[in-house]
Structures are given as C-alpha cells and as structure tokens.
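Peer 1: Sequence and predicted structure below; questions after.
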Amino acid sequence: MADDDILGADPAIRVSSGGPNRSGGRELLSAAHEAASETAVAEVGSTGVPALEPLVLATADGESAFFSRCPPERVGSIVETLEAGELPTEGVMAVVKHEPGTSRLPRPANGPLSVGTRTVLGTCGWAVPTSPEDYPADGFIASEIGDSNEAIAQVAEAKLRGRGRGDAAADVPIADRWELAREAAGEAAIVINANEADRRATTDRVLLESAPLAVLDGALAAGRALDATNILVYCNEADELAQERAAEAAAVLEDELEEGISIEVLAGPDEYKAGEATMAIEALEGNHRLEARLRPPYPSEEGLHGRPTLVHTPRTLVQVGEILADGDSSSSEGSSATGTRLFSVASEGDVSGDDETSAPTTVELAAEEDLATAREAIEFDGHLKAACVGGVFGGLTRTLDVPARANALRAAGLGTNGVIELFGEEECMVAFAGNRAVFGEEENCGRCVPCREGTQQLTNLLREVYHGEYESEGIRELLRVMDTTSICSFGRDASRPTRTAIEAFETEFRAHANGRCPAGVCK
Amino acid sequence: MSSKSNTSDPIWEHTEESEEQRSRLEEMIAPGTASDPNVESEENATVTIDGRSITLEAGATLLDGLEQMNTEGYVPALCSYDHEEKIGPRSECRTCMVETDEHGVVPSCSFPAEEGMTVHTDADAAAEARDVNLDLLLGNHNLRCTTCGKNGRCELQNVSIENGVEEPRYGVFDDREEYEPIDDSSAFIQIDRNKCILCNRCVEACNDVQVAGVLRMEGSGSDTRIGFQNTEETMMESTCVSCGHCVTVCPTGALVEQGLVDSSTIPLPGFTHKNSIGKIAGEDYTGQARTMTPMIQDQYTENEPVVEVVNRRAGTGTDTHQEADD
C-alpha cells in the first residue's frame, strides 16, 4: 500500500528508491515506520540518482537532511533525533534549507542532484508518486482541457518534439501528428510507450516510477484534446515497480477525474525491438511475434486496431503537461526548442543496471545547456576519450559541447534516446562498433533486408577489419543504405555507432587492419 | 489481413462472409506478421516520374506508376506481387527504392501515390539503395542455380541479370555448414529455405487468400524463417492441404513442386538439387502423404500474445483488445 501523502508534513521522513534499489528502500521504510510515532513517513520514488539510494530525507522546519545509501540500522537514530526536535546531521550527505511544504525536491549545492535543471524531475524523490494530494497544487491538467483546438494550438506553438526512440513522433513536432490523428476516422487511442529494454536508458522508467501521475495526466490531456477513448500504458515486463505505479496512478486518475477514457496497463517483452512504436502497437494488439509495420500512414492515422493512435513516451507526455500547465508556452521564448531533455548518464562498464551501483544517473538539461553539464553528475576520472550519445545505437563524439536539443544532437550525428555513456582511453572504438553491430544483428525483428541482412553484413565487414581488410567505402555505403531504406528506426539507428566511430576514430580502424589495437583491448 | 474491397476476382466478390466466420478464422490464424496500414492512395493522383506525368487511380502506390512506363533506372521491386491478388506489398526487400522531391528515398511498392509527387528512379541514392539491397539478398541466398528447379524461371535470377549483378558485394550464401536441411517430407512441395528471401508471399497466399492457416513467419534477426503455425518442423507434419498456392507465388527456388525439383538440373550422375545442399529433413515419410488436413480448431497454434495485462479497470472506453485466454 502506498502512503497517503507527505508534502505538507513536518517533521517528515521520506525513503527514496526505485528500480533495482527498491527492496533496500522497503527495508528502510519499515524501519522508519517502526521508529516513528509523531513523524510522517512515506515511500517516494527515485530522484533519478540510484547511486544515492536508498536515500533517506529527514525534513523539519524548512530544512531537509539527505542520507545517501543509508544503512537500515541508522534509520532509528535519524527518526529519534527528528522527534527530539532536531534535524539529524550525523553522517549526512547534505542539509538543504527550503520553503516549508515545498512541492519540489530541495536541491543540494553539490553532487548529482545539483547538476542541470529539475523541472519535470522536480517532484521525483519528493512527492508520494501516486498521491493526488501531493500532485502540484494547480490540480490535474487534463481536467482543464476544455477546448481541444486550444490545447493542440498550444502544443503546436511550443513546437514540442517527441522524446526518445519509442515515441512515434521522435524528434518531430508532435502537434503535426495530433492533427493527423484528429482528422483520421475512428476513435483515437493514446499509447504511453515506456517499454525500454536498453538498460542504459532509464529516464522513462524513472518518470513512470516517481511521477506516474504527471505522465498519465499528460496522456489524459492529450486524450481529451483528441477525444480519445483509450489510454494504454505499455511497460517493460521487467519493470515491475513502474507497472505497479502506473496501475495505481490510473486508478487514482479514473477516480479523481471521472474521465470517459479507460486506462490500461500492460507489460510487453523485455526486448529492444519491442520498444519501437509500431512493434509496441503489434504487441498491444496481441500478436505473438513482433515486427515493424510499414509507414506511412503513421500510427497517428492508422494505429492500434486501425484507429488513430498517438504513441508517446513518458518523457514527451510530461513535457506536454508542462506546456499545457504554462498555457502561454513562455519557456520556448528565444529558443527553437521547447522543454528540457532527460539523459541517463553512466561511464562504460557500469550500465548493466542490474544492481544499485550500476544504474545510470538521470540528468535533466535545458535546451540551451550543453551535454558537458551532464558529465558532472557522475564520477568519471581521467581523460574522456569519447562519449556515446543515444543509447545502444547512439553516436560517438569526442566532445560533449553539443546543446541538448534534438536538432543539434542530430546534426552532430548523435542519437536522441537520452543516454550519455562516457568512455576512457581503455575503450576500443572498433570493438565498440562491432559489439553494437552484433546487437543489431541479434535483436532485429527480421522483416526488412537492409536491417536484417545489413546488420549481418556489417558485422562481417567489421570482422574483416581484424583480418586485415578495412573497406571504408564499402562499409559507408552499407551504412547509408541501412539508414535510408530500413522500415523502422531500428535499422536506421543501427547504422549510427559504426558511422560515428569511423568518422571520429578512423585511425583505429586502420590500426586494427594492420594488426594493432591502439587501446590495447583487442587480441 | 487485407480487405477484399478492390478486387476483380469473382470468388471474392461473391463470397459473403459473416463477421462471425471471419473473426473465428482470424483468431485461429496466426501468421506472425505485422498488420500493416493500408498503403494505397485514397484518391486519384497525378505524379511525375522521371519527368513524365502520369495519373493514377485511387488505390495506387508509386510502383503502379513505375510499372506503366520505361523508367530511367531499373527498379527490381523483387518482393512485390500483384496486389489485386491480395498479396503484398510486404516491402521487405527494399529493391524498389526511388527518390522523391517530397519525401526523399522511399519504397515505391508501399508508398501511396500522392498528388503532385515527383519521382526520380535514376537518382544516385535510390540506385545505390536498390543495388545494395539486392546484393544483401544474394548474400544470404544459396546461389546454386544449376541444380535449382527454378533455374530459368526465377525472379531473383531475372532481376539479378537485369540489374547487371556480376559479383555480389557480400558474396553468396555458400557455407555448407550453415545450410538448413531441405524439407522433403511432402510428396507435393519441397522447401529449400536456403533459397528463401522471406518475401512472405507464401504466408499471405496460405493465410489471406486460401485461409488455410498453415504457413507463418517465425523467429527474428538472422533466424527469421518460414515455419508452420502448428509449430511442427516439416511440411508433412503441418496442416498443409497441398493446395500449391505457396509454390505458385514463390519468387525463388524455396518452394518447388516435387516433380519439378530437378527439372532444370544438368543431367549428370549425382548432380541433384538434394545433393547441392546435402541435408534432408523428413525423409522418413516414405508412404503416401497425409490426406487433406485442414486446419482444425483443436489443433495447437502458438498464438499467445507477448503482452500481459497488468490492470484492467472497468473504464467506460472502448475495448481495445481481445482477452488472451477467454
């Protein structure tokens, strides 16, 4: 059972955890409940920084003390001190003064929580995720949607682009797709695509776990604007907490808003391809095997069971919420891009995401900020040889001086799936390209030739490099064709790691063809 | 499943199916392929192809326009099939790519003809895409034409010759270790998956036209293959009724009538199609092939949805999907 609410409580103890850290968080939570008599105790979501979890936040009189990786035996004394009328500070990571009853996580001056901005992340790790009382005071945005024209016009004016590979409007203005959906015949459906199997990319999971009401509120607002009848939350089968929170949030919203829109939560396969927008629809329609659909027409015209369907990620939907709440879209002034972008940041070697130490850190960047800002959020010593931006099919770059905007990322040849991996000198760029090509070969749906056969031949051509043959032109030609002719983003994106590796590190490819690995990794 | 609206075939015109019949069949049939949107144009459209203007009726893709003229560049469009036959466009081979002023390089076989579009078949990017994709197909095709029953009447062979293929960029599939056994179990139809280009025509002929529900697409990545909906390994154990429609639509030597398997093989002792692969499955079936074995409802079909319902609120909206195990 989720705790009721926590925002106004004083004194208060919050236990913040998420994903793989949740069992540790639950342990602390029961210890806190046991120790507390006058103190309000609540479980909150992840702040997006798993390295700090489980995180205990002790709040009294407009001050909060942060205890990162708090051991269960410490909880008793923290509560005791708090109930004795003092803010506990022994072993504290940070103490932050703030407005009493603030609705947003107070931010320490140092450490990962101080990096970038925290707009859509604001309530993450602070508000009880599924508590309507803890939801921002202005109430649900969906209940304010009266005139659908106005809502669509606001989103159009803000030029909001879809966030992440799972969004059917990735990197393009979503209002165009909303217009298509509105003009198409049939009752509209909204798919919240949160199925991301790439463990490097955790931002959508963080949002669904820590701010599920904001995600669903954004979807409901879109649903109202389009007269939709159904919302489907499509999760990854491995993300149990996200499923649970989405289901609870759906129940809350249905009770609070008495919408004529039904909300279902479904769990799809933990496979990378299953996160592609049309394969998400195939899964939701109940197919036993997944492959990409042809386009155009796009799902916005003909999607789920032939109905006009918007497929948006949680990241996109919280931005929709921000725009509709702001009303006048003032955030976009003076900039061609609206809203912030979320990134999962990690250094190579710790992105498996299976335990608390390895999950990436979430950083939110404003459109004018450079990716370099995100580097400060994690410990990365030594020289940065390269960063892979965009996830498993991201692009390599030597510099992080790239603004956090879709167009700028694209122009730099990078991916937009919200991931930054940092590589040191010991990373071999040929091995990197090879591993990503093999992933593409093994994980593709098998439908179209440029992807199915292209990833296979790409792997072969990269193996040939180790046998002394580096055919630069042949590889580039193949990458071009994969990029221009694959049916879906899987095949197009699968060309990116090798293309950017060759662009930035061609000498390493030539060295390998001569039997030498400059990084000293390949035998 | 395609609609039967725009066909001149009298069988379809005069078939009155009740919704109930249709949905019962659709529940049973699980071809494993995606439900593509309708890619045909909604209204008449005048498009310019290689500088010449042509008006196409509603229901057209760009390829319909290309087929009516001599294009500057050769556009194989290998996997496409006459869409009045309710097969395709699958658009998997991507050898039909053309450049458009409006949308860049697009697959002509599955791109709706839009009013005012300008198409260039000889643009470098499109020509490169067609050449590379054809070579990618050949790279995974067992090119033993001299023992192939389709030698001389093979669509892949024809387009390769027409496209001037001499040495495919990525070689050909010639690793005997990697060959899949020939399925020789049926007395009527032989399957050689080493020659399959996964165009899906046979699956659509079997499911959408014959409504027999035998063949399906299965696996993913490089393991993608044509298989059987009852999950058996050989044609003989499948529910095939030997109607032969799959054979008539197969563009290569992957599905061949047993009587024609060696029809074009050079008459040398030991020089046979089976020897060319060297691995045979289903040889145990020496007797008469199973008689008509229509897909029957209690036959096991692997058709479990990949999604699970987490919550199911009694909302007031429209039901979006059928229950998994109702």
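Peer 2: Everything's here; your move.

Peer 1: which residue packs closest to A:Gly186, ignoring adjacent ones?
Peer 2: Counting by CB to CB, 6 or more residues apart in numbering or on different chains, A:Gly186 lies nearest to A:Arg307, which is 4.3 Å off, once chain neighbours are set aside. The C-beta positions use only the backbone N, C-alpha and C, and glycine is treated the same way.

Peer 1: For the residue of the stretch 351-500 of chain A found nearest chain B, identify the helix or strand it belongs to.
Peer 2: Of all residues in the stretch 351-500 of chain A, A:Gly446 sits closest to chain B, at 3.0 Å by CB to the nearest CB. A:Gly446 is part of no helix or strand when elements are defined by DSSP states H and E.

Peer 1: if I pick the closest residue to it other than its chain neighbours, what's in contact with it?
Peer 2: Leaving out its chain neighbours, the residue that sits closest to A:Gly446 by CB to CB, 6+ apart is B:Thr224, at 3.0 Å. Going by CB atoms under 8 Å, 6 or more residues apart in numbering or on different chains, B:Thr224 touches A:445-447, A:452, B:198, B:217-218.

Peer 1: Out of those residues, the closest to A:Thr362 would be?
Peer 2: Nearest to A:Thr362 out of the contacts of B:Thr224 is A:Cys445 (CB to CB; 29.0 Å).

Peer 1: The closest one touches A:Glu291, doesn't it?
Peer 2: Yes: between A:Cys445 and A:Glu291 there is a contact under CB atoms under 8 Å: 4.1 Å.

Peer 1: okay, and the common contacts of these two?
Peer 2: A:279, B:220.

Peer 1: Give me the nearest residue to the residue nearest to the spatial centre of chain B, chain neighbours excluded.
Peer 2: The centre of chain B sits closest to B:Asn200, judged by CA atoms, centre = their mean, with a distance of 2.1 Å. Leaving aside its chain neighbours, B:Asn200 sits nearest to B:Arg90 (4.5 Å; criterion: CB to CB, 6+ apart).

Peer 1: measure the residue nearest to A:Gly446 to A:Arg492 for me?
Peer 2: From B:Thr224 across to A:Arg492, the span is 19 Å (CB to CB, to the nearest Å).

Peer 1: re earlier: and the buried ones among the contacts of B:Thr224, selectable in ChimeraX?
Peer 2: Buried residues among those (16 or more other CB atoms under 10 Å in any protein chain shown), as a ChimeraX selection:
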select /A:445,446,447,452 /B:198,217,218
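
Peer 1: number of nearby residues for A:Gly520?
Peer 2: Neighbourhood size, A:Gly520 [other CB atoms under 10 Å in any protein chain shown]: 10.

Peer 1: can you tell me how far it sits from A:Arg14?
Peer 2: Note on A:Gly520: its distance to A:Arg14, by CB to CB, is 46 Å.

Peer 1: same thing with B:Gly139?
Peer 2: Relative to A:Arg14, B:Gly139 is positioned 57 Å away (CB to CB).

Peer 1: Look at the two and report which has more neighbours.
Peer 2: Between B:Gly139 and A:Arg14, A:Arg14 has the larger neighbour count (other CB under 10 Å), namely 27 against 20.

Peer 1: Can I take it that that one is in a strand?
Peer 2: Yes: counting by DSSP: H, G, I helix; E, B strand; the rest coil, A:Arg14 is found in a strand.

Peer 1: name the element the closest residue to it other than its chain neighbours belongs to?
Peer 2: In space, and not counting its chain neighbours, A:Arg14 is closest to A:Leu57: 4.1 Å by CB to CB, 6+ apart. Using DSSP H and E, A:Leu57 sits in strand A:55-60.

Peer 1: And the strands in the stretch 51-200 of chain B, which stretches?
Peer 2: Assigned by DSSP state E, counting those that start in this stretch, the stretch 51-200 of chain B shows strands spanning B:52-56, B:97-100, B:104-107, B:118-120, B:182-183, B:189-191.

Peer 1: now the shortest one, how far from the chain's geometric center?
Peer 2: Centroid separation between strand B:182-183 and its chain, computed with CA atoms, centre = their mean, to the nearest Å, is 19 Å.

Peer 1: Who are the contact partners of the residue nearest to B:Asn200?
Peer 2: By CB under 8 Å, 6+ apart, the contact list for B:Arg90 reads B:79-80, B:199-201, B:204.

Peer 1: For these, work out which two are farthest apart.
Peer 2: Distance extremes for those: the farthest pair is B:Ser80 and B:Glu204 at 12.0 Å, using CB to CB.

Peer 1: Quick check: neighbours shared by these two?
Peer 2: Shared contacts of B:Ser80 and B:Glu204, defined by CB under 8 Å, 6+ apart, are found at B:88, B:90.

Peer 1: Any idea what the residue nearest to A:Arg14 is bridged to?
Peer 2: Per DSSP bridges, the residues bridged to A:Leu57 are A:Arg14, A:Phe66.

Peer 1: Distance check, it against chain B.
Peer 2: According to CB to the nearest CB, to the nearest Å, A:Leu57 and chain B sit 29 Å apart.

Peer 1: Pretty sure that residue sits against A:Pro11.
Peer 2: No: at 11.0 Å, A:Leu57 does not count as touching A:Pro11 under the criterion of CB under 8 Å.

Peer 1: quick one, which of these two is more surrounded?
Peer 2: Taking neighbours as other CB under 10 Å, A:Leu57 and A:Pro11 compare with A:Leu57 leading, 24 against 20.

Peer 1: hmm, back to that, got the buried residues for the strand holding A:Leu57?
Peer 2: Under 16+ other CB under 10 Å, the buried positions of strand A:55-60 are A:55-60.

Peer 1: Over to stretch B:51-60?
Peer 2: For stretch B:51-60, a neighbour-count test (16+ other CB under 10 Å) marks B:54, B:56, B:59-60 as buried.

Peer 1: Make a markdown table out of the residues you listed and add pLDDT and distance to B:Glu114.
Peer 2: Below are the buried residues of stretch B:51-60 laid out as a markdown table (pLDDT from 0 to 100; distance: CB to CB, whole Å):
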| residue | pLDDT | distance to B:Glu114 |
| --- | --- | --- |
| B:Ile54 | 97 | 13 |
| B:Leu56 | 97 | 10 |
| B:Gly59 | 95 | 13 |
| B:Ala60 | 96 | 10 |
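
Peer 1: and A:Glu443, what is it in contact with?
Peer 2: By CB under 8 Å, 6+ apart, the contact set of A:Glu443 is A:271-273, A:490, B:220-221.

Peer 1: out of the residues you listed, who's nearest B:Leu156?
Peer 2: Distances from B:Leu156 to these, taken by CB to CB, are shortest for B:Gly221, at 21.6 Å.

Peer 1: do stretch B:231-249 and chain A meet?
Peer 2: No: residues of stretch B:231-249 contacting chain A under CB under 8 Å from any CB of the partner chain: none, with a closest distance of 11.0 Å.

Peer 1: for stretch A:166-180, what is the average pLDDT?
Peer 2: Averaged across stretch A:166-180, pLDDT comes to 97.

Peer 1: Now for the closest residue to chain B within the stretch 51-200 of chain A: which residues touch it?
Peer 2: Nearest residue of the stretch 51-200 of chain A to chain B (CB to the nearest CB) works out as A:Glu187 at 5.9 Å. When contacts are counted by CB under 8 Å, 6+ apart, A:Glu187 is found next to A:227-230, A:307-308, B:318.
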